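Q: Have a look at this prediction, sequence included:
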Amino acid sequence: ELVQLTKDNLSAHLRTQDQISIRSKGGVGRKSDQEQVDARVGLAKANLVAAEANLRDSEITFQRIVGSKPAGVTKPTGPDRGLIPKTMDDTIGQAVSNHPVLKSSQADVEAANQQHNASKSFMYPRFDAELGYGKNNNLDGRRGDNDERYAMVRMRYNLFKGGSDMARVSETRQLTKQATEVMNRTRRQVEESAGLSWNAMISATERLPSLREHSDKSSATADSYAQQFNLGQRTLLDLLDAVNESFTAQNDLVNGTYIELFARYRLL
């Protein structure tokens, strides 16, 4: 779209250049007008070269990402506006609730807490309920049965292991704190990203009506100035400035439209 606008802008300048050339050849034009329009035509040609170069760069980027050259490209309609949250608070709330990286960091905190709890278990005695039954015969040179049955609760308590249990508890406590800080940092990043995306979308959406109005009015002004120039009511400089402003306004509208479209995708 930008390349096409640049081509249209060049065509408009070439038409004006033809008019000035005809006037000059007829002896009613001024040399300064011819030089001025020639300079603007040169600038319009340079703008077209730059726009085509940007298009080629975009095609190369497209091929690198997609794996094939762009063909049959159409303008997307954008995501359904019904999917867009109504407020910034809703946006941040949904982001915090659904962001996969944040969920992963929350799971890391839970895992670290469980490791810490497990490490503290070594600081307490261990109790085992044991049941046993033995059936023996002619044991230790004594004839006859020698059976036994027992039930007991056995406690094992390692009172000191060189401080390794305390060290493990301290280590897992630090791991829990570390995982918590990672989660908090991730949450802040998610909130910031969601807030910035919301703000970018709102800003882009609110700019569009003004950009569209500027483009429409500038185009109408350029058309009016062209007619007035033919009647001798406007100078060449007035006409060229009006054409340039219309071109700039149309470029701004195209860029603003795609910025708004991208902002909605970015928010989602």
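A: Sure thing, it's come through.
Q: Show me where the stretch 101-250 of the chain has its strands.
A: 126-134, 148-156 (DSSP state E, counting those that start in this stretch).
Q: Reformat those strands as a markdown table; add mean pLDDT, distance to Glu191 and mean neighbour count.
A: C-beta here means a position set from N, CA and C on the backbone, and glycine is covered the same way. Conversion of these to a markdown table gives the following (pLDDT from 0 to 100; distance: least, CB to CB, whole Å; neighbours: other CB atoms under 10 Å):
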| stretch | mean pLDDT | distance to Glu191 | mean neighbour count |
| --- | --- | --- | --- |
| strand 126-134 | 92 | 45 | 9 |
| strand 148-156 | 91 | 49 | 9 |
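Q: Select, out of the ones you listed, the one closest to Met183.
A: Closest of the strands of the stretch 101-250 of the chain to Met183 is strand 126-134, at 33.1 Å (criterion: CB to CB).
Q: Partner strands of the closest one, with direction?
A: Strand pairing for strand 126-134, using DSSP bridges, gives strand 148-156 (antiparallel).
Q: starting at the chain centroid, how far to the partner strand?
A: Distance of strand 148-156 from its chain centroid, counting by CA atoms, centre = their mean, to the nearest Å, is 65 Å.
Q: Give me the contact list for it.
A: Residues outside strand 148-156 that contact it (CB atoms under 8 Å, 6 or more residues apart in numbering): Pro125, Arg126, Phe127, Asp128, Ala129, Glu130, Leu131, Gly132, Tyr133, Gly134, Asn136.
Q: same thing with stretch 113-128?
A: 153-158, 165-166, 168-169, 171-173, 175-176.
Q: hang on, the earlier thing: mind checking which of the strands of the stretch 101-250 of the chain is nearest Tyr265?
A: strand 126-134 (57.3 Å).
Q: nearest to Arg212, of the contacts of strand 148-156?
A: Lowest distance from Arg212 to those (CB to CB) belongs to Arg126, with 76.1 Å.
Q: Switch the strands of the stretch 101-250 of the chain over to JSON lines, and while doing so, append distance to Leu236 to every line.
A: Shown next, in JSON lines, are those (distance: least, CB to CB, whole Å):
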{"stretch": "strand 126-134", "distance to Leu236": "98"}
{"stretch": "strand 148-156", "distance to Leu236": "102"}
